[in-house]
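K.L.:
Fold the following.
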Amino acid sequence: MRILVTGASGFVGSLLVRRLHADGHAVLALGRDRERVRLALTQERGETNGAGRAAAADVQVMRGDALTGEGLADALEGVQVAYYLIHSMERARPECGGFEQRDRVAAETFASAARRAGVARIVYLGGIAPHWDVRPDGAGARASRHLASRETVEQILLAAVPDALALRASIVIGARSRSFRLLVHLVERMPVLTLPAWHRFATAPIDERDVIEMLVAAATAQLPRRSLDVGGPQALTYGQMLTRIAELMLVNRPAVGLRVNLTGLTARVAAAIAGEDPELVVALMEGLQGDILPADDRAAELLGVSLHSFDSAVEHALREWEESEPLAAR
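P.N.:
Sure thing, here's the model as predicted:
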């Protein structure tokens, strides 16, 4: 099968390209920077690997930009399945507008190009849409701008071709997942885990291996156009996740829960502690206003994937992390 993977230089994209290549598909990897895509394919956690070298040698790396449409027609020619793994988490660029506008324009541009090319299926990986209570006066918890933007992109892509599928995940546990790395760095660098009110909210973190297997299965699954919430087998609060990560890292981290969120302040403090981009952390923490859980647990069954436990996911991610860089807490 001829398959296009956009966002191929990213964490999920590079893993997916190698997995599809290993299954014998004719894979095209699309990115704005060809060298960055090739580097992502050949290196994993800083280690050059045989699977990556084989994929880089056989996979056609193409330059393209969903925002401007550059290169999309050539990349989509003859493609049967196209994966859309593009998300705007970077800082705003004045010439391109805010991230909501960039997300929408890129999705619309890609959707139009896919329709013209006759693509049979688009597979999109987005975020689980929360369903928090909002009072009649409109007050109360609001969806984060990034989660709302993901939902807009999903609607655009699902309407583009007849057999489109959208997978929705919350936190993906992997050595290169920025959400997971943020949690690990907080555990490493905070002798006492001082947690805002969001520590009591729950989600269903999922192993990167399970996400990749679901994405692969989505290419050929006999399913009608629809969205599927994908999560791990356990619902955990953010406080429980941090505590369990600390235990698996074999470090002692007492936790103190606060009753307030102060998202803007705590996000910037967390970014400084973790050495992460404050804009990214603010975007992530804007979504921590309530539980973010799958609407049902049918995705794994429908896609034929056996799920790893949270502990297994964390141990796998930490092991791969340590293959290229030390964990300071150990």
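
K.L.:
what residue ranges in the protein score low on pLDDT?
P.N.:
Across the chain, the ranges flagged by pLDDT under 70 are 44-57, 88-97, 131-143, 196, 257-288, 328-330.

K.L.:
and the longest helix for it?
P.N.:
Determined from DSSP state H, the single longest helix within the chain is helix 99-117.

K.L.:
Return the set of buried residues in it.
P.N.:
99-100, 102-111, 113-114, 117 (16 or more other CB atoms under 10 Å). Using the backbone N, CA and C atoms, a C-beta is placed for each residue, glycine as well.

K.L.:
need the helices for the stretch 151-300 of the chain, in chain order.
P.N.:
178-189, 208-218, 238-248, 263-274, 278-286, 299-303 (DSSP state H, counting those that start in this stretch).

K.L.:
re earlier: looking at the buried residues of helix 99-117, which one is closest to L250?
P.N.:
Of all the buried residues of helix 99-117, L250 sits closest to F99, with 38.1 Å by CB to CB.

K.L.:
which residues touch the closest residue to D23 other than its chain neighbours?
P.N.:
Once flanking residues are discounted, D23 sits nearest to V216: 6.9 Å by CB to CB, 6 or more residues apart in numbering. Neighbouring residues of V216 by CB atoms under 8 Å, 6 or more residues apart in numbering: 16, 19-20, 23.

K.L.:
just checking, which of those residues belong to helices?
P.N.:
Per DSSP H, the subset of the contacts of V216 in helices is 16, 19-20.

K.L.:
Would you state the helices of the stretch 1-150 of the chain in chain order?
P.N.:
11-22, 34-42, 50-58, 72-76, 99-117, 145-158.

K.L.:
Of all the ones you listed, which one is nearest I128?
P.N.:
Once these are compared by CB to CB, helix 145-158 is nearest, at 7.9 Å.

K.L.:
can I assume A73 is in contact with A113?
P.N.:
Yes - here A73 reaches A113: they are 6.2 Å apart, a contact under CB atoms under 8 Å.

K.L.:
Find residues that contact each of those two.
P.N.:
By CB under 8 Å, 6+ apart, no residue touches both A73 and A113.

K.L.:
ok, back up a step: residues in contact with the longest helix of the chain: which ones?
P.N.:
6, 66-69, 72-73, 76-79, 82, 84, 86-90, 92-93, 96-97, 122, 145-146, 148-150, 152-153, 156-157, 159-161.

K.L.:
Any quick PyMOL command for the buried ones out of those residues?
P.N.:
Per 16+ other CB under 10 Å, the buried members of these correspond to this PyMOL selection:
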select buried, resi 6+66+67+69+72+76+79+82+84+86+87+88+122+145+146+148+149+150+153+156+157+160+161
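
K.L.:
Including distance to A166, could the ones in helices among the contacts of V216 go into CSV?
P.N.:
Formatted as CSV, the ones in helices among the contacts of V216 follow (distance: CB to CB, whole Å):
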residue, distance to A166
L16, 15
R19, 19
L20, 18
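
K.L.:
Which member of these is positioned nearest L195?
P.N.:
L16 (33.0 Å).

K.L.:
ok, how many other residues are close to the closest one?
P.N.:
Close neighbours of L16, defined as other CB atoms under 10 Å, add up to 26.

K.L.:
Can you give me every residue that contacts it?
P.N.:
5, 83, 85, 212, 215-216.

K.L.:
Between those residues, identify the one with the most neighbours.
P.N.:
Result: V5 is most packed of those (other CB under 10 Å), 31 neighbours.

K.L.:
coming back round to it: most widely separated two among the contacts of L16?
P.N.:
That would be L85 and V216, which, of the contacts of L16, are the farthest apart (CB to CB) at 13.1 Å.

K.L.:
wait, what's in contact with Y83?
P.N.:
Counting by CB under 8 Å, 6+ apart, Y83 touches 3-7, 13, 16, 122-125, 215.

K.L.:
so of those residues, which ones are in strands?
P.N.:
The strands, defined by DSSP state E, take in 3-6, 122-125 from the contacts of Y83.

K.L.:
And stretch 193-201, how far out from the chain middle?
P.N.:
Relative to its chain's centre, stretch 193-201 lies at 22 Å (CA atoms, centre = their mean, to the nearest Å).

K.L.:
Straight-line length of that stretch, end to end?
P.N.:
Using CA to CA, to the nearest Å, one end of stretch 193-201 lies 16 Å from the other.

K.L.:
Over to stretch 192-199?
P.N.:
Note: stretch 192-199 ends 14 Å apart using CA to CA.

K.L.:
List the buried residues of it.
P.N.:
193, 195-199.

K.L.:
what distance separates that stretch from the middle of the whole chain?
P.N.:
That offset, for stretch 192-199, works out to 23 Å (CA atoms, centre = their mean).

K.L.:
Stretch 179-195 now?
P.N.:
20 Å.

K.L.:
buried stuff in it?
P.N.:
So stretch 179-195, judged by 16+ other CB under 10 Å, has buried residues 179-188, 190, 193, 195.

K.L.:
Among these, which pair sits farthest apart?
P.N.:
Taking CB to CB, no two of those sit farther apart than R181 and L195, at 17.7 Å.
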